[in-house]
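Asks: Here is the input, now give the coordinates:
(one chain, ligands or ions: 1)
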Amino acid sequence: MYKRSDFPDGFLFGASTAAYQIEGHSFGGAGRTHWDDFAATPGNVVRAEDGAVACDHYHRWEEDLDLIRDGGFDAYRFSASWARVLPEGRGAVNAEGLDFYDKLVDGMLERGIKPMLTLYHWELPSALADLGGWRNRDVASWFADYAEVLMGRLGDRIWKTATINELWCVSFLSHFLGIHAPGVRDIRAAARAMHHVMLAHGTATQALRAMGVGDIGAVCNFTYAQPASGSPEDIEAAATFDDYYNNFFMSGFFHKKYPERIVTAMKDHLPAGWQDDFDVIGTPVDWLGVNYYTREIIKAVDGPWPAHTSIEGPLPKTQMGWEIYPEGLLHFLRRCHTDYSGDLPLYVTENGMANPDLVIDGKVDDVVRIDYLARHFDAAKQAIAEGVPLEGYFVWSLMDNYEWALGYEKRFGLIHVDFDTLQRTPKASYLALQAALAS
Ligand code: FCB
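Replies: Alright, predicted model coming up:
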């Protein structure tokens, strides 16, 4: 494992979580979300598990912040739940919800931890889902209004703010592949969600700027598209994947246009007037967050767009079945810097792996995770050496949590959580990072 001193002065290390995955959404007057509805529908989530209790962070946040401080982390990337702040998505504020985030942020500052806040990490209030959610253009102003309410309370103490976590997941994964809430599989819904999530990002960024909030970033997820063969068909299929997964959002933010392949495929489904929204979508940001886990091997197939499938790759895999491919992280850090974000600071805002970790004699021996992290640190170091302005790295995740459609089975944490007793046990990876960050 690297030492802190192997990285440039001021390089930050952090850990990431998200509200619905850890807090316990049945507590504290939070409103219903589309994840509660999705999980209540048979077949969507492993064992129909939901975030009602999760890690009970809502009651155990002090212990969790102590673990972040004791690990030697500089920063904590967390998110707020829209429905905890505004149970109906709009209108009446849940004072208890705002109070919770207020004391959580103070708790970070008291412990010397920099708060990096994500405004939306996927738990759309059900009341807004009823109105079409991300398919409805009004979601942009609903989101900006929520952002104003939340930052009106927290804005003076947040270190960096991200608008929406992983716009691809919010839109394509959830409205075309149907894997995440609301579980829609419809090209028209997907095209609308893809555009509206961009518009919501830009609208909220402008609203926050107008109220004096600075240091606003975008956070996207990237998956390396590897053609299954050298055939022109597979190469084109991988390029299509790369465009709708990786380039669509970056190109919208930084070039104020969408990739041609996607426009061609989706033009009949994009909302009227989409071409006129790029001045909002392209509102300058202050930094870019890169979430990276793996690559996919893309093979062309006959059928409707996007006419490809993912096949199993040869590399060692995590508990998710995801190939371990640190070269992809280096690739995207280079690409973001060169093609999109230029000299803006970059952060790896998520990287990590799931592993079926067990507590044995009070210990969790997750050596594979230590190796995974070290290999991705290699990629980060290489990027820095090449001049990429990478300024920090956040591990996903601080602790085992609700892994969405896969329930509580996939363990991404540096800290093990027993979901019966809710006991936290730092894993070997946490202890290795703690030693590295102290040195
Ligand atoms: C990312 C999500 C995060 C978690 C990890 C494994 O796509 O942002 O909530 O699910 O994947």
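
Asks: all helices of the stretch 101-250 of the chain, in order?
Replies: With DSSP state H, counting those that start in this stretch as the criterion, the stretch 101-250 of the chain has helices at 126-129, 139-154, 167-168, 174-175, 187-210, 232-242, 248-255.

Asks: among these, which is the most enclosed?
Replies: Sort the helices of the stretch 101-250 of the chain by mean neighbour count, taking mean count of other Cβ atoms under 10 Å, and helix 174-175 sits at the top with a mean of 27. All C-beta atoms are positioned from the backbone trio N, CA, C, and that covers glycine.

Asks: Mind giving me the packing neighbours of that one?
Replies: Judged by 3 or more Cβ pairs under 8 Å, 6 or more residues apart in numbering; DSSP states H and E, helix 174-175 is in contact with helix 187-210.

Asks: now Gly112: how far from Ile235?
Replies: Distance of Gly112 to Ile235, given as Cβ to Cβ, to the nearest Å: 49 Å.

Asks: residue in the stretch 251-400 of the chain nearest to the ligand?
Replies: Nearest to the ligand in the stretch 251-400 of the chain, going by Cβ to the nearest ligand atom, is Trp396, at a distance of 5.2 Å.

Asks: who's in contact with that residue?
Replies: Trp396 makes contact with 15-16, 291, 350-352, 412, according to Cβ atoms under 8 Å, 6 or more residues apart in numbering.

Asks: restrict those residues to contacts with the ligand.
Replies: Contacts with the ligand within the contacts of Trp396, counted by Cβ under 6 Å from any ligand atom: 291, 350, 412.

Asks: Just those: which are in strands?
Replies: Among those, the members found in strands (DSSP state E) are 291, 350.

Asks: returning to that earlier point: would you format the contacts of Trp396 as CSV with neighbour count and pLDDT included?
Replies: Output for the contacts of Trp396, formatted as CSV (neighbours: other Cβ atoms under 10 Å; pLDDT from 0 to 100):
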residue, neighbour count, pLDDT
Ala15, 28, 99
Ser16, 28, 99
Asn291, 23, 99
Glu350, 24, 99
Asn351, 22, 99
Gly352, 24, 99
Phe412, 26, 99
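
Asks: Helix, strand, or coil at the closest residue to Gln319 other than its chain neighbours?
Replies: Among residues not flanking Gln319 along the chain, Ala354 sits closest, at 3.9 Å (Cβ to Cβ, 6 or more residues apart in numbering). Three-state assignment for Ala354 (DSSP: H, G, I helix; E, B strand; the rest coil): coil.

Asks: Likewise for Gly289?
Replies: The assignment at Gly289 comes out as strand when based on three-state DSSP.

Asks: May I have the beta-bridge partners of it?
Replies: Beta bridges link Gly289 to Val219, Tyr347 when assigned by DSSP bridges.

Asks: Spit out the contact partners of the residue in the stretch 201-350 of the chain that the ligand sits nearest to.
Replies: Using Cβ to the nearest ligand atom, the closest approach of the stretch 201-350 of the chain to the ligand is made by Asn221 at 5.2 Å. Neighbouring residues of Asn221 by Cβ under 8 Å, 6+ apart: 166, 168-169, 291-293, 350.

Asks: switch to 6 Å and redo it
Replies: Going by Cβ atoms under 6 Å, 6 or more residues apart in numbering, Asn221 touches 166, 168, 291.

Asks: Show me which of those residues is closest to Arg4.
Replies: Asn291 (22.5 Å; Cβ to Cβ).

Asks: Any figure for the gap between that closest one and Arg32?
Replies: Distance, Asn291 to Arg32, using Cβ to Cβ: 27 Å.

Asks: And the contacts of stretch 87-94?
Replies: Contacts for stretch 87-94 (Cβ under 6 Å, 6+ apart): 29, 31, 125, 127-128, 142.

Asks: what would those look like in CSV with distance to Pro304?
Replies: Conversion of the contacts of stretch 87-94 to CSV gives the following (distance: Cβ to Cβ, whole Å):
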residue, distance to Pro304
Gly29, 45
Gly31, 37
Pro125, 33
Ala127, 34
Leu128, 30
Trp142, 32
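
Asks: can you name the two of the residues you listed that are farthest apart?
Replies: Gly29 and Trp142 (19.4 Å).

Asks: out of the helices of the stretch 101-250 of the chain, which comes closest to Ala435?
Replies: Evaluated with Cβ to Cβ, the helices of the stretch 101-250 of the chain place helix 139-154 nearest to Ala435, the distance being 32.6 Å.

Asks: can you list the residues of this structure near the ligand?
Replies: Proximity of the chain to the ligand (Cβ under 6 Å from any ligand atom) is limited to residues 18, 21, 165-166, 169, 221, 291, 350, 396, 403-404, 412.

Asks: and these as CSV, adding distance to Phe100?
Replies: What follows is the residues of the chain next to the ligand, written out as CSV (distance: Cβ to Cβ, whole Å):
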residue, distance to Phe100
Ala18, 15
Gln21, 16
Asn165, 19
Glu166, 24
Cys169, 25
Asn221, 27
Asn291, 25
Glu350, 23
Trp396, 22
Glu403, 23
Trp404, 22
Phe412, 23
